[in-house]
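Participant: Mind folding the following:
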Amino acid sequence: MEIEESRATGWVAWVLFGGILLVLLGAIHLTVGLVTLLRPEFIAGDRADLLLPVSLTALAWMHLALGVLALVTGAGLIRGLTWARVVAIQLAVLAALVNFTFIAVFPVWSIIAVVLATLIAWAAAMHGDEVADAMAPPTPAAFGS
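Facilitator: Numbers count the residues shown, from 1 in each chain. A predicted model of the protein is given here:
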């Protein structure tokens, strides 16, 4: 019986970590979006530092759209789908840029978020294809048939 050896490296864990973070981030954005739609006064007091002057309804729909995108992308990244890798890299770069703009306000958290986003983007770009290989069911040849 011949056993196939996986070519996956430890970087697969970073890609999977990124997928899990995207699923969690999506759930948070969906929650904030729904709460903002149902009870806009809940977040009305936090609007002093917004970069764009948008209504609370528009902000709620942006949170909902970003939440769905992050949730679906995270699930796809965990499954090793190519389109999810591309979207995850774009979301990670966007997250790094946004957190970089808040370095003066939240220095420790912003630096941690930028480093994590960079690591996840690099892992998804360079090692994302290994996730698909690692998650694929074994081929019959691996069982000596």
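Participant: For the worst-scoring helix or strand of the chain on mean pLDDT, which helices and strands make contact with it?
Facilitator: Ranked by mean pLDDT, DSSP states H and E, the weakest helix or strand in the chain is helix 41-44, scoring a mean of 71. If contacts are counted by 3 or more Cβ pairs under 8 Å, 6 or more residues apart in numbering; DSSP states H and E, helix 41-44 sits against helix 11-38, helix 56-79. C-betas here are computed from N, CA, C, even on glycine.
Participant: want to throw those into JSON lines with mean pLDDT?
Facilitator: Output for those, formatted as JSON lines (pLDDT from 0 to 100):
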{"stretch": "helix 11-38", "mean pLDDT": "89"}
{"stretch": "helix 56-79", "mean pLDDT": "90"}
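Participant: related to what we said a few turns ago, just give me how far the least confident helix or strand of the chain sits from the chain centre.
Facilitator: 26 Å (Cα atoms, centre = their mean, to the nearest Å).
Participant: Could I get the CA-only coordinates of that helix as PDB?
Facilitator: Only the C-alpha atoms of helix 41-44 are listed here, as PDB (Å, rounded to 0.1, in the frame of the first residue of the first chain):
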ATOM      1  CA  GLU A  41     -29.600  55.100  17.900                       C
ATOM      2  CA  PHE A  42     -27.400  52.200  19.000                       C
ATOM      3  CA  ILE A  43     -24.500  53.500  16.900                       C
ATOM      4  CA  ALA A  44     -25.500  57.100  16.400                       C
END
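Participant: Hmm, residue 32 is touching residue 43, no?
Facilitator: Yes - between residue 32 and residue 43 there is a contact under Cβ atoms under 8 Å: 7.3 Å.
Participant: Mind telling me which residue is nearest the centre of this protein?
Facilitator: The residue lying closest to the centre of the chain (Cα atoms, centre = their mean) is residue 22, at 2.8 Å.
Participant: Skip the chain neighbours and tell me the closest residue to that one.
Facilitator: residue 74 (2.9 Å; Cβ to Cβ, 6 or more residues apart in numbering).
Participant: what sits against that neighbour?
Facilitator: 18-26, 84, 88 (Cβ atoms under 8 Å, 6 or more residues apart in numbering).
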